[in-house]
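Peer 1: I would like the atomic coordinates for the input below:
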Amino acid sequence: MIRLLVLDVDGTMTDGGVYYDATGNELKKFAIKDGAGLVLARTAGIRVMICTGRECEAVRRRAADLKITDIYQNVGKKAAFLRDFMAGNGFARDDVAYCGDDLNDLAAMALCGFVACPADAAPEVRARADYICPQRGGEGAVRGAVEKILRKWAEVKDKGYAGIVGLDADFEGKIIGKDFPVAVTETTLSGYYAAGGTGDKKLVYRTDIIHAYPEYPVFEGEKYVSLAYKYLLIDQDHKLAVLNEVLCNVEYQPDGSSNNMLRQYLKNPQGFAFWRVVKMQHPESFKRLLLDCIHYCSSSQIVGNRNYIKESPHKLLTVLCTPAGWMLTGYIMRKAGQ
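Peer 2: Now for the predicted structure:
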């Protein structure tokens, strides 16, 4: 679970504006709702840090009001500072969450296991974030980043769940795919899709559960292995608590992996072949097994693996699917512009 929450100030805890009184003192507007969310985080045992590139007495006073003792201002290189802080205080990547809004937060975000941002954050930050708050900076975005998840987890933490699954929506509030049936309070991710569910969902896993399963493999020259690899393994042992509310607003980029999947097949054939083997070991249905086997044949053909039949968990089916795999390979190469 998250043990440290790192907060930017300007544009995250505030609206990003700079105000001056009649004597030239700098003023900032903070959202009272954020304070309530941070109290909730501390109650859950999460250490809260303020890390900002500017220095202002108003920030120090707000931190004192919230009883935040880890306040670091005028930090020019946030990533280097945070890396040293994590190493010196025993925090691993998956122990740390970061909430920020602008480009100077990106390098520090890369060190953290969970990243949140306000709704009006820079496009590059929104593309990187695991959770995009419905609120704008200074309007309760920090509270939005922690409140729903922590309250739901408080309800279910003693029931053995691997974590929480919630909804994604676009910036107009339209649910991505389908929401959950009202009567469903728990599910596995694969079980949801097998029952007819569609669309990306927001997953919040316990850190100890994530660490208990094999790491994602690395294939030389490739950059993609399906995130669902671990999720499928976890599904075999644990369920997720359902939170039938929007946890994240998402924006699909024109050059993102979802819109360029055929190119991903060509660029990362070993990663996809590996993923298909795992799915074939845990089939949802015979139809799904057949489709995964065809894709396994295709990815193996693209990478030039002559031993793919021998390495398959379903050898006879792989032999039968090989012609269809060649057809799929030809289709991928034509459509991807090869």
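Peer 1: I'd guessed D70 sits against V48; true?
Peer 2: Yes - the pair D70 and V48 qualifies as a contact (Cβ atoms under 8 Å) at a distance of 6.8 Å. From N, CA and C alone the C-beta is placed, and that goes for glycine too.
Peer 1: Between these two, point out the one with more neighbours.
Peer 2: V48 (22 against 16; other Cβ atoms under 10 Å).
Peer 1: give me the element the more buried one is part of.
Peer 2: strand 47-51 (DSSP states H and E).
Peer 1: Averaged pLDDT, that strand. What do you get?
Peer 2: Here strand 47-51 scores 92 as its mean pLDDT.
Peer 1: Which strands or helices does it pack on?
Peer 2: strand 4-7, helix 32-43, strand 70-72, helix 78-89 (3 or more Cβ pairs under 8 Å, 6 or more residues apart in numbering; DSSP states H and E).
Peer 1: next structured bit after the last one?
Peer 2: Once the chain leaves helix 78-89, the next helix or strand it forms, by DSSP H and E, is strand 96-99.
Peer 1: can you pull the contacts of the residue nearest to E26 when sequence neighbours are not counted?
Peer 2: Of all residues not flanking E26 in the chain, C56 sits nearest, at 5.1 Å (Cβ to Cβ, 6 or more residues apart in numbering). Contact analysis of C56 by Cβ atoms under 8 Å, 6 or more residues apart in numbering lists 9, 26, 28, 73.
Peer 1: which residues touch D235?
Peer 2: D235 neighbours (Cβ under 8 Å, 6+ apart): 188-191, 282.
Peer 1: try 7 Å this time
Peer 2: Residues near D235 by Cβ atoms under 7 Å, 6 or more residues apart in numbering: 188-190.
Peer 1: surely I209 meets D237?
Peer 2: No - counting by Cβ atoms under 7 Å, D237 is not a contact partner of I209; they are 8.7 Å apart.
Peer 1: care to break the protein down by domain?
Peer 2: 4-147, 160-249, 257-335 (automatic domain parsing).
Peer 1: Which one of the ones you listed lies nearest to W153?
Peer 2: Across those, W153 has its closest neighbour in domain 160-249 (6.4 Å, Cβ to Cβ).
Peer 1: In the stretch 201-338 of the chain, mark out all the helices, start to finish.
Peer 2: 207-211, 228-235, 261-267, 269-281, 286-303, 308-311, 315-335 (DSSP state H, counting those that start in this stretch).
Peer 1: on that earlier part again, rebuild the helices and strands packed on strand 47-51 as a markdown table, extending it with mean pLDDT and distance to R151.
Peer 2: Shown next, in a markdown table, are the helices and strands packed on strand 47-51 (pLDDT from 0 to 100; distance: least, Cβ to Cβ, whole Å):
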| stretch | mean pLDDT | distance to R151 |
| --- | --- | --- |
| strand 4-7 | 92 | 16 |
| helix 32-43 | 74 | 8 |
| strand 70-72 | 93 | 24 |
| helix 78-89 | 94 | 27 |
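Peer 1: out of these, deepest packed?
Peer 2: Of all those, strand 4-7 has the most neighbours on average by mean count of other Cβ atoms under 10 Å, namely a mean of 25.
Peer 1: show me where pLDDT drops low in the stretch 101-250 of the chain?
Peer 2: 141-146, 148-149, 249 (pLDDT under 70).
Peer 1: quick one on the thing from earlier: closest one to D15 among the helices and strands packed on strand 47-51?
Peer 2: helix 32-43 (11.6 Å).
Peer 1: Tell me the gap between the closest one and the middle of its chain.
Peer 2: On the basis of Cα atoms, centre = their mean, to the nearest Å, helix 32-43 sits 22 Å off its chain's mean C-alpha point.
Peer 1: so that helix versus strand 47-51, what angle?
Peer 2: 130 degrees (axes from the mean of the first three to the mean of the last three Cα atoms, to 10 degrees).
Peer 1: Run through the neighbouring helices and strands of helix 32-43.
Peer 2: If you count contacts as 3 or more Cβ pairs under 7 Å, 6 or more residues apart in numbering; DSSP states H and E, helix 32-43 packs onto strand 47-51, helix 141-156.
Peer 1: got the CA coordinates for that helix in PDB?
Peer 2: The C-alpha trace of helix 32-43 is given here as PDB (Å, rounded to 0.1, in the frame of the first residue of the first chain):
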ATOM      1  CA  ILE A  32     -10.300  23.500   2.600                       C
ATOM      2  CA  LYS A  33     -11.500  20.200   1.100                       C
ATOM      3  CA  ASP A  34      -7.900  19.200   0.400                       C
ATOM      4  CA  GLY A  35      -7.100  19.500   4.100                       C
ATOM      5  CA  ALA A  36      -9.900  17.000   5.000                       C
ATOM      6  CA  GLY A  37      -8.500  14.600   2.400                       C
ATOM      7  CA  LEU A  38      -5.000  14.900   3.800                       C
ATOM      8  CA  VAL A  39      -6.300  14.200   7.300                       C
ATOM      9  CA  LEU A  40      -7.900  11.100   5.900                       C
ATOM     10  CA  ALA A  41      -4.600  10.000   4.400                       C
ATOM     11  CA  ARG A  42      -2.700  10.500   7.600                       C
ATOM     12  CA  THR A  43      -5.400   8.500   9.500                       C
END
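Peer 1: That concludes my questions; thank you for your assistance.
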